[in-house]
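Visitor: sharing a model prediction with you, sequence too.
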Amino acid sequence: MAIPRPGHPVRSRCVRASALARGDAGVADAGPARALALAFVPAFACACVAILFVVCGAVWSVSAGAGPEVRLNVIYMAQAGYQPDEFEEMTREFARESGIDVALNFVRYDEEYQKIVTSATSPVATYDVVLVDLIWVAEFAEKGYVVPLDRGLAAKVRQGISPEILSAFEHRGRIWAMPFLANFHFLFYNEDMLKRAGFDAPPGTIEEMEVQMRAMKRKGVVEYPMIASWNQKEGLVCEYVWLVGAYGGGIFDSGGDPIFNHGPGVAALETMTRWVRDGLVNPLALTADELVAKDVFIAGKAAFAPNWTFLSGFMSDPAVSRVASHARMGLLPVAQAVRDETGRVSSSVSGFQGLAVMANSSHKPEAWRYVEFMASPEVQGRCLQEVPVWTSLQMSREACAKDPWLDVKLEQMRWLRHRPKLVRYQEISAIMQRFIHAALEGAMSPQEALDVAVERIRSLP
């Protein structure tokens with residue numbers, strides 16, 4: 001997963017303006033796929049940028065003032081969720097109120113896991129606070145990389161955060177990270193393109209989606225109706241999970257055994273490969289991360305874009321989006337048979353992330369103070385572009401007034417699918433990524449690719 005680059009202003013939507021305008025961050029090259037996507041971005045978006053952007057591995061020091069006794073080191077991904085300037089401004093407020101200095105380390109999502117593991121296995125921790133993806137919770141807990149919430153904080157969290165979110169961070173009866181991002185997938189669509197193709201509503205089923213895409217392509221409305229993040233990374237597994245769910249299935253059973261090479265799993269990958277083969281999905285998708293997919297959609301080069309919550313803010317901002325007046329956020333569809341037989345109207349995938357304290361941190365009290373502040377209802381209530389984790393905020397009048405998409409977000413959250421919490425998830429996911437991608441490239445049939453993936457997973461030592 002890449003990080004923002006020039007042409008895409010990173011915007012603070014919190015109450016306070018971002019201190020990023022100081023311009024003390026650099027820019028790094030994110031590769032040819034990113035460059036290709038940038039060609040789609042409106043020229044005026046580049047011209048109007050008055051701020052600079054984060055670089056992979058950039059460290060921002062947020063100072064509390066003269067003579068701090070403690071300095072916390074925090075690692076955060078520069079990708080989906082709160083954008084780096086927003087996260088920095090939250091941290092700046094903490095530093096002002098607490099007198100504690102904080103060094104923010106922004107890295108690519110793909111680098112984050114290994115950096116956390118390296119820190120956890122070192123005599124002295126590199127980081128005190130880490131952003132934990134739900135798929136790492138079981139491993140980090142079992143290996144003692146992070147410490148659980150104390151009983152008092154855990155009780156507060158259980159009272160204020162729904163089990164749907166909280167369960168992602170639980171393992172063996174303890175909570176191992178403070179819920180921070182309630183992130184999940186939506187269907188972003190271009191209403192104008194749909195109307196030009198003769199449709200007055202987004203698709204309610206997978207079959208309707210394919211009909212609409214074929215009509216748009218046939219009528220010349222758009223060359224490639226969909227852009228997705230199907231590069232050989234974790235995002236590909238996320239996309240596959242919601243599609244398997246759309247066909248009524250899961251990827252593992254309750255005992256942790258892979259089952260995605262049967263029924264819904266095969267149907268999902270057959271659909272993905274068909275859409276690639278028939279030019280319904282942009283071929284750039286096979287090398288694109290979520291930010292590239294965002295770029296293509298807001299440039300008006302796609303009618304559909306499954307993506308995370310963060311895209312809703314970018315798509316509606318005329319400073320960066322060519323489709324600000326036409327872009328909409330909706331529910332991801334399910335197969336017609338699933339809708340008829342089960343009553344399910346949507347399928348999505350969770351990408352919940354939490355803030356955790358490293359077990360080998362030398363500053364645990366200060367680290368917990370930071371975690372509680374960053375995930376507090378007061379802070380999240382000022383940054384409502386993401387779905388707040390607190391139930392009270394989700395239902396508040398203020399949130400409803402500030403976020404025109406809140407009803408859609410809460411409805412989509414009802415239909416989530418989760419990737420499994422497995423201690424060896426990283427190895428398992430790498431196998432899935434490899435063979436699902438091989439099928440998308442046409443190197444293997446969907447059934448063959450999934451059979452081999454399951455065999456490899458079951459043969460892990």
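Guide: Okay, I see it.

Visitor: tell me the average confidence for stretch 173-188?
Guide: Mean pLDDT, computed over stretch 173-188, is 92.

Visitor: buried residues in that stretch?
Guide: Using 16 or more other Cβ atoms under 10 Å as the test for burial, stretch 173-188 gives 175-188. No exception for glycine: its C-beta is placed from N, CA and C like everyone else's.

Visitor: now do stretch 324-338
Guide: Along stretch 324-338, these residues count as buried under the neighbour rule (16+ other Cβ under 10 Å): 326, 327, 328, 329, 330, 331, 332, 333, 334, 335, 338.

Visitor: export the residues you listed to TSV and tack on secondary structure and pLDDT?
Guide: As requested, the buried residues of stretch 324-338 are exported to TSV (DSSP: H, G, I helix; E, B strand; the rest coil; pLDDT from 0 to 100):
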residue	secondary structure	pLDDT
326	coil	96
327	strand	97
328	strand	97
329	strand	96
330	strand	97
331	coil	98
332	coil	98
333	coil	98
334	strand	98
335	coil	98
338	helix	97
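
Visitor: looking at those residues, which is nearest residue 169?
Guide: The shortest approach to residue 169 among those belongs to residue 332, at 23.7 Å (Cβ to Cβ).

Visitor: next one: the closest one from residue 146, what distance?
Guide: Per Cβ to Cβ, to the nearest Å, residue 332 is found 31 Å from residue 146.

Visitor: check residue 429 too.
Guide: 20 Å.

Visitor: who has more neighbours out of the two?
Guide: Per other Cβ atoms under 10 Å, whichever of residue 429 and residue 146 has more neighbours is residue 146, with 24 against 20.

Visitor: that one touches residue 356, doesn't it?
Guide: Yes - contact criterion Cβ atoms under 8 Å: residue 146 and residue 356 qualify, at 4.1 Å.

Visitor: find residues that contact each of these two.
Guide: Common neighbours of residue 146 and residue 356, counting by Cβ atoms under 8 Å, 6 or more residues apart in numbering, are 130, 132, 140, 176, 177.

Visitor: quick check: the gap between the fourth one and residue 148.
Guide: Shown here: residue 176 relative to residue 148, a distance of 5 Å by Cβ to Cβ.

Visitor: closest to residue 460 among the buried residues of stretch 173-188?
Guide: residue 176 (23.4 Å).

Visitor: without its sequence neighbours, what residue ends up closest to that closest one?
Guide: residue 141 (4.8 Å; Cβ to Cβ, 6 or more residues apart in numbering).

Visitor: helices or strands next to the helix or strand where the one you found lies in the packing?
Guide: Assigned by DSSP states H and E, residue 141 falls within helix 137-142. For helix 137-142, the helices and strands in contact under the criterion 3 or more Cβ pairs under 8 Å, 6 or more residues apart in numbering; DSSP states H and E are strand 170-171, helix 425-440.

Visitor: same thing but at 7 Å, please
Guide: Here helix 137-142 touches strand 170-171, going by 3 or more Cβ pairs under 7 Å, 6 or more residues apart in numbering; DSSP states H and E.

Visitor: what strands line up against the strand it packs on, and which way round?
Guide: Strand pairing for strand 170-171, determined by DSSP bridges: strand 174-175 (antiparallel).
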